[in-house]
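K.L.:
coords please:
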Amino acid sequence: MSLGTKFRLLTVILISICSLLLLPTVSVKATEPVATNIRVGTHSEKTRFVIDVSDNIEFRIFALSDPYRIVIDLPQMVWRLPVDVIQRNLVGKRSLISNFRYGYFRPGLSRIVLDMKKPTRIKSAFIITPAADKNYRLVVDLVKTTRKLFLTSIRKSKSKKSKKVVNKIRLGRVINLNNQLPAAAPILKKRTNDEIPKNRATVGATKPVIVIDPGHGGIDPGSTSGRVFEKHITLAAAKVIGSHLKTLGRYKVFLTRRNDKFIRLRKRISIAKVRGANLFISLHADAIKNQRIRGLSVYTLSEKASDKEAADLARKENKADVIAGVDLSTESPVVSDILIDLRQRNTMNESSKFAVGLVRHIRKVTKILSNAHRFAGFAVLKSPDVPSILIEMGFLSNRVDEKALLNPSYRAHLARSIGKAVDDYFSRN
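P.N.:
The predicted model follows:
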């Protein structure tokens, strides 16, 4: 190697070292706590709920009534639990717990909600320091109590709310629970452009605005087949449908959520309102005991359901806030008791027009239920001035429907059919 070549090589090395020294220091965020297991133990005098966690976390625990629930608030967590963690812990007639769920609640906060069979008192809650090669354990002991004492304890808890020390909850990224999806399911990339605009008047000034609502999310997983959660299916479908509508170039499209987070029912309506929506489309996928039933259906608002199944489905979906452990006792019943005035009657008519056209297009690409346009009192459809529909895309309890909903090609066909129905609707309006 010549002297000139050596000199040039040495110069390149020195410049590289100087460049590295001039780079700004990057701070690395501490990793989030990881939950690795949950166990429920039943004893003669108590039910014990145990969570294995990687860190010595802080927590807050409280009770809610009607239905009876125990809520455990935690820092934002990574959930690496066994897939069957709920099923294998819901055993034993003596257990006070009838069901439980876990997940993201809001930025920096994860939540576990325990459904209780009867009024329950929190006897104790504490962290056990791990021995060698073990995790920390958050232990909650629950015992039976009377309804009167249960309600008294809730009232006392609320009265002390202002004096309560706020737990230190770490802020962090949104955790995608896609590790619970089967391999065939799409991995959804995180996007964060769902901020609500400050000036509603500028939104949709030239193009109709469509708001797509992926049902459920975060701590509210929705229905499940045991292999996949409804909240993941709805989000995957919403992103495909939203992308297709945007490529048409004729609409402004927004999603109520773009990641795995919980959004209250009233908030979903509020997002559509603030966005200046001309059309609201809520996406869902049901699961029922009869695994042979399959097919898509479209719902519009009516306080009188079109059949018993529609009424049962609406009651189940309208419990989303209860499922997530939200205290509704101090809320005015804005969503459930909206007066159906003349303006909303007109909105309901517009919703039905779109639903009829949508069924006509969708039946060409997928199986639909008989009487596919149905009516029920879904809370998310109760906006008085935004035409709204709810699509039950199929049944996760049916293997054929589940396989289709996990298939990107099928979701693309669904998106194109919805796009055609949207075009027809706005060409007439």
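K.L.:
got a list of what the closest residue to Lys353 other than its chain neighbours touches?
P.N.:
The shortest distance from Lys353 to any residue that is not its chain neighbour, by CB to CB, 6 or more residues apart in numbering, is 6.8 Å, and that residue is Tyr425. Where C-beta positions appear, they are placed from N, C-alpha and C, glycine not excepted. Taking CB atoms under 8 Å, 6 or more residues apart in numbering as the contact definition, Tyr425 lies against 279, 353-354, 357.
K.L.:
let's see it at 10 Å
P.N.:
By CB atoms under 10 Å, 6 or more residues apart in numbering, the contact list for Tyr425 reads 208, 278-279, 350, 353-358, 387.
K.L.:
And the helix or strand where Tyr425 lies, what's buried?
P.N.:
For Tyr425, the element it lies in under DSSP states H and E is helix 408-428. Judged by neighbour count (16 or more other CB atoms under 10 Å), helix 408-428 contains these buried residues: 410-411, 413-415, 417-426.
K.L.:
what is the mean pLDDT for stretch 300-319?
P.N.:
Stretch 300-319 shows a mean pLDDT of 72 in the predicted model.
K.L.:
Are any of the contacts of Tyr425 buried, and if so which?
P.N.:
208, 278-279, 350, 353-355, 357-358, 387.
K.L.:
Now, those that are in helices?
P.N.:
In this view, these that belong to helices under DSSP state H are 350, 353-355, 357-358.
K.L.:
Dump those residues into JSON lines; add distance to Ile263 and pLDDT as well.
P.N.:
Shown next, in JSON lines, are those (distance: CB to CB, whole Å; pLDDT from 0 to 100):
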{"residue": "Glu350", "distance to Ile263": "24", "pLDDT": "93"}
{"residue": "Lys353", "distance to Ile263": "27", "pLDDT": "94"}
{"residue": "Phe354", "distance to Ile263": "23", "pLDDT": "96"}
{"residue": "Ala355", "distance to Ile263": "23", "pLDDT": "96"}
{"residue": "Gly357", "distance to Ile263": "28", "pLDDT": "96"}
{"residue": "Leu358", "distance to Ile263": "23", "pLDDT": "96"}
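K.L.:
so where's the stretch 151-300 of the chain shaky on pLDDT?
P.N.:
158-205 (pLDDT under 70).
K.L.:
Where do the helices of it begin and end?
P.N.:
The residue ranges that make up the helices of the stretch 151-300 of the chain, judged by DSSP state H, counting those that start in this stretch, are 230-247, 265-275.
K.L.:
and among the ones you listed, the most buried is which?
P.N.:
helix 230-247 (a mean of 22; mean count of other CB atoms under 10 Å).
K.L.:
how far does that helix sit from the chain's center?
P.N.:
On the basis of CA atoms, centre = their mean, to the nearest Å, helix 230-247 is displaced by 14 Å from the centre of the chain it belongs to.
K.L.:
how many other residues sit next to the residue nearest to Leu90 when sequence neighbours are not counted?
P.N.:
Of all residues beyond its chain neighbours, the one nearest Leu90 is Asn99 (6.4 Å), with distances taken as CB to CB, 6+ apart. Here the number of neighbours of Asn99 (other CB atoms under 10 Å) works out to 14.
K.L.:
State the helix or strand in which His373 lies.
P.N.:
Assigned by DSSP H and E, His373 belongs to strand 368-376.
K.L.:
re the thing from before, let me know the closest of the buried residues of helix 408-428 to Ala379.
P.N.:
Closest to Ala379 out of the buried residues of helix 408-428 is Ile418 (22.1 Å), distances taken as CB to CB.
K.L.:
on that earlier part again, which of the buried ones among the contacts of Tyr425 lies closest to Asp312?
P.N.:
When these are compared for distance to Asp312, the smallest value, 19.8 Å, is given by Ala355; criterion: CB to CB.
K.L.:
And the helices in the stretch 1-150 of the chain?
P.N.:
Ranges of helices within the stretch 1-150 of the chain are 3-22, 147-159, based on DSSP H, counting those that start in this stretch.
K.L.:
tell me the two of the buried residues of helix 408-428 that are most distant?
P.N.:
When those are compared pair by pair using CB to CB, the two farthest from each other are Tyr410 and Phe426, 25.1 Å apart.
K.L.:
So what pairs up with the most centrally placed residue in the chain in the strands?
P.N.:
Centroid check for the chain by CA atoms, centre = their mean gives Gly217 as the closest residue, at 0.7 Å. Taking DSSP bridges, one obtains Asp220 as the residues bridged to Gly217.
K.L.:
I figured it was touching Leu265, is that so?
P.N.:
No. Distance between Gly217 and Leu265: 11.6 Å, which falls outside the contact criterion (CB atoms under 10 Å).
K.L.:
Show me whatever sits in contact with both of these two.
P.N.:
When contacts are counted by CB under 10 Å, 6+ apart, Gly217 and Leu265 have 320, 324 as shared neighbours.
K.L.:
one step back: is it possible to export the ones in helices among the buried ones among the contacts of Tyr425 to JSON lines including distance to His244?
P.N.:
Listed next are these as JSON lines, based on distance: CB to CB, whole Å:
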{"residue": "Glu350", "distance to His244": "22"}
{"residue": "Lys353", "distance to His244": "21"}
{"residue": "Phe354", "distance to His244": "17"}
{"residue": "Ala355", "distance to His244": "19"}
{"residue": "Gly357", "distance to His244": "17"}
{"residue": "Leu358", "distance to His244": "14"}
